[in-house]
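Student: Below are the sequence and a predicted model for it; my questions follow.
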Number of protein chains: 4
Amino acid sequence: MCRFLAYRGEPVFMEDLVCAPCHSLIHQSLHAEEAKTGTNGDGFGVGWYAARPQPGLYRELRPAWSDENLRSICGQVRSGLFFAHVRAATGTATTRANCHPFAHGRWMFMHNGQVGGWPLVRRKVEQLIPDTLYDSRFGTTDSEAIFLAALADGLEEDPVGALARTLRRVKSMMDAAGVREALRFTAALTDGESVYAVRWACDAKPATLYYRETAEALLIVSEPLDRAQDGWVAVPRACALVARPGAALSVACMDAEMGRAAA
Amino acid sequence: MCRFLAYRGEPVFMEDLVCAPCHSLIHQSLHAEEAKTGTNGDGFGVGWYAARPQPGLYRELRPAWSDENLRSICGQVRSGLFFAHVRAATGTATTRANCHPFAHGRWMFMHNGQVGGWPLVRRKVEQLIPDTLYDSRFGTTDSEAIFLAALADGLEEDPVGALARTLRRVKSMMDAAGVREALRFTAALTDGESVYAVRWACDAKPATLYYRETAEALLIVSEPLDRAQDGWVAVPRACALVARPGAALSVACMDAEMGRAAA
Amino acid sequence: MCRFLAYRGEPVFMEDLVCAPCHSLIHQSLHAEEAKTGTNGDGFGVGWYAARPQPGLYRELRPAWSDENLRSICGQVRSGLFFAHVRAATGTATTRANCHPFAHGRWMFMHNGQVGGWPLVRRKVEQLIPDTLYDSRFGTTDSEAIFLAALADGLEEDPVGALARTLRRVKSMMDAAGVREALRFTAALTDGESVYAVRWACDAKPATLYYRETAEALLIVSEPLDRAQDGWVAVPRACALVARPGAALSVACMDAEMGRAAA
Amino acid sequence: MCRFLAYRGEPVFMEDLVCAPCHSLIHQSLHAEEAKTGTNGDGFGVGWYAARPQPGLYRELRPAWSDENLRSICGQVRSGLFFAHVRAATGTATTRANCHPFAHGRWMFMHNGQVGGWPLVRRKVEQLIPDTLYDSRFGTTDSEAIFLAALADGLEEDPVGALARTLRRVKSMMDAAGVREALRFTAALTDGESVYAVRWACDAKPATLYYRETAEALLIVSEPLDRAQDGWVAVPRACALVARPGAALSVACMDAEMGRAAA
């Protein structure tokens, strides 16, 4: 289980959200409140869009709370669309390549959740990654594998549908392998313009997800950054947020998507 | 604040104490119970005596809980005298050089505590380190500075007295600088044969310290490794344990030592 | 291309070979003489047998030449069988999991060479790893994949034959993928008792390999540790050294092994 | 000895100079040509001015040549004034705090050179740092100490003069300590507007320094980034370049400055 935030709006310094708030993401790296584990010290990452269509990435295997570079970069980079993530590993190694966000071309992805019985299905999930994308399999996490598999499942044309299709496939593999642990998938995704966020689990315990929308910005977080602020809305279970430029925020039903995927 | 353990007795694999117990030091790195901070993720170290008069050291700036090397080394090294430490930094950087234990020749030292107002007195405390030892000032912690200063204060001849003298000096410097925060010093020290452990603070809140003595071994810890085991004794406030080879464990009064230092 | 050494003989401190000689492995990490690249700064590792049937491992992604832990561990650990390796990456990331030696149960393996066109055949080579070993696929190197594939090819019963079989398979995959770069494989392998070393390439340029045998010890190295010493013998191209306890050192012909594998 | 570059001019992506040229700074980290050591693998750093008066810093203890974050950050950050440095340590540890550039407020500094007999004079040089700046003594290098000492010597008002005064003091300390090794100081300094670069040594072997000035930019480097390009000028021995906004590039004589300091 991990903690993350996604921001889209007027360009701001990343530190305004990653470092400054009383319950900032850096604070959550030591003191998460709504996660199974309070400590998210198994690496971190920030990814931002600024001067290029592709995001910049700074990922490190140290804890976020003591990283001087993270503070300096967040204090310099102003971006209208960025992701930040602090990791609590669920079985895979603490390496840079296992830190979120993951990027591929214009796309960027981060995840908080778990593929139950990962060692039992890892190989099958990796087989969902086509040869053309296998070069981008740098680490060993379930998260990166799902991202690459979803790219093959049409992520670029139909982001929410593709995630639904991939999750459905992964769940089938878990069932076939006799896995009883849950598949839980709370994630955010972007192509540098639209932002998508999903809160789904095969059981009744999807990881938390909130958003706050103002005239200037949309913020999507694992936990509110500041309880004193109004306006935090919990994303309902099995829902996907879709934030396209120039369109109102919409909510899709993941189970319906998964039904479509099954049809 | 940090967590540590010191072992002297029949040679055992370090993993028997560092990794295996239900509340092992590695477990305490994520879930300390008697410390101000539950997370001790700012690096770690092990130091052991085996084939040489000087200790071996493995210190790393990652958290202990995810370090594969630590587990492998602790699974291979059998020692009759070793220290292990997980760090929660109190203001100084997360670097290897700031990780405990610190070694100098045959001597090894580790600390859990804090010099209040360290930035205000750092320079003065460093001036206690003589030129001949200043080459061994590798990091920036209060702990390493006190160790080197105590070496100059006669640590090798009179370990507990030297620590008392150094603490007295440091406390005077803090007073002169108008520091109101406490000086707290819970530490362990060895020359590879005798083990010394101190629990002292200028206020009523010294960091915890326990020991357990059996026919085979003496174990000194920040927190008991297993609540189910009998025999854990809390070291009283302002006391020093002295464990010399072939002699019964004795307890000295630090305040008396500090009085002597003042005289 | 990398540099390595393997030692079997009277227990010695690892530092006697890894740190002390004028052209020690640490020296080679900065100043290799017989390699394509003089710098081997993409991580390192030592693996040793001492108190357990399984080897201990210390692997790190920093350069060997500046690692204090490496010096301390090599100064403490006395072993009658150990491997040490400094890495020059050929395309895969600088992570601990990509550092040699690799261990599996009692077995330990290290490699200096290259699978030409690795991105084109990686997936196929990984498919040689059976499900039961896929959990041990921690990194992304060609070297680790070949080790795991060779375990499936019977490494534990017939080490040299299994390596020959696996190399033959990998070369076929390279041919099928139209790879024109060479397959070069200079490696060492042990189960904690016997030591095997191979120098093979599909072209005329296998990486160098030398050995020196005395009454007390067998030393196998990428480059002699000290030109002033007599007794270094270059392993001929396409040959495998086999050093079984209580038996004379023997040399096998890899091409004959590969012919057998083909038959 | 190290390698560095300083850029001031039209904003460009840092990668255009740090990563892209045939003999880029990243290339120099493995293959420096005009340095005593060809490998500069003991950490690196970039510092840039963009959105704030203070520079951003990314410093890491790994080698530059394999750092994915460095490439990503240099591909995203566009700056009109930045420094980049690859380190070859001369005795002090490989830590982030020992990596250049060093920043203090608006000022940024990097160095290639050596204080001969550093362990003998370290303490005295550190005593040049006033109490108000001692909090910023994070590492153990001669370079950082000289920067902080020069700040106390008036760096912000008279940069070249202050460096001359500090170098003079340091040389006196070396003489008093009987040091026979040289003091060599090739460095760059900026306040975010003006750039100063110095090439000085107490003997005839100052580290190399070149510059290239065009209508759009000033580039100052340890080694030319591309031999095919015209316009590289070697900075003469004992000279300081001064590049103030809106003024022509000027060259000052360090020995004259040091004479003034002595007067």
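Tutor: Yep, it's here.
Student: who's in contact with the spatially most central residue of chain A?
Tutor: Nearest to the mean C-alpha position of chain A, counting by C-alpha atoms, centre = their mean, stands residue A:110 at 2.5 Å. By C-beta atoms under 8 Å, 6 or more residues apart in numbering or on different chains, the contact set of residue A:110 is A:2, A:4, A:6, A:45, A:47, A:83, A:85, A:100-102, A:143, A:187-188. Backbone N, C-alpha and C define where each C-beta goes, glycine included.
Student: Apply 7 Å and report the result again.
Tutor: Residue A:110 makes contact with A:4, A:83, A:85, A:100-101, A:187-188, according to C-beta atoms under 7 Å, 6 or more residues apart in numbering or on different chains.
Student: show me where pLDDT drops low in chain A?
Tutor: In the predicted model, chain A carries pLDDT under 70 at residues A:263.
Student: that older thread, report the strands that pair with the host helix or strand of the residue nearest to the centre of chain A, each with its relative direction.
Tutor: Assigned by DSSP states H and E, residue A:110 belongs to strand A:107-115. According to DSSP bridges, strand A:107-115 forms sheet pairs with strand A:102-104 (antiparallel), strand A:183-190 (antiparallel).
Student: hey, which of those is tucked in deepest?
Tutor: Mean neighbour count (mean count of other C-beta atoms under 10 Å in any protein chain shown) peaks for strand A:183-190 among these, with a mean of 24.
Student: Only the C-alpha atoms, please, for the helix or strand just after that strand, written as CSV.
Tutor: Counting by DSSP H and E, the element after strand A:183-190 in chain order, helix or strand, is strand A:195-201. Extracted in CSV, the C-alpha atoms of strand A:195-201 (Å, rounded to 0.1, in the frame of the first residue of the first chain):
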residue,chain,number,x,y,z
VAL,A,195,-6.3,12.6,-15.9
TYR,A,196,-8.0,9.4,-15.0
ALA,A,197,-8.2,7.9,-11.5
VAL,A,198,-9.7,4.5,-10.5
ARG,A,199,-10.7,3.1,-7.2
TRP,A,200,-11.5,-0.6,-7.5
ALA,A,201,-11.1,-3.8,-5.6
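Student: Okay, and the beta partners of residue A:211?
Tutor: Judged by DSSP bridges, the bridge partners of residue A:211 are residue A:220, residue A:233.
Student: where's it relative to chain C, distance?
Tutor: 34 Å (C-beta to the nearest C-beta, to the nearest Å).
Student: and that residue, how many neighbours does it have?
Tutor: For residue A:211, the count of nearby residues is 21 (other C-beta atoms under 10 Å in any protein chain shown).
Student: correct me, but residue A:213 touches residue A:251?
Tutor: No. Using C-beta atoms under 7 Å, residue A:213 is not in contact with residue A:251; the gap is 11.8 Å.
Student: More neighbours: which of these two?
Tutor: A side-by-side neighbour count of residue A:213 and residue A:251, using other C-beta under 10 Å, places residue A:213 first with 17 against 14.
Student: can you pull the contacts of the more buried one?
Tutor: So residue A:213 contacts residue A:249 (C-beta under 7 Å, 6+ apart).
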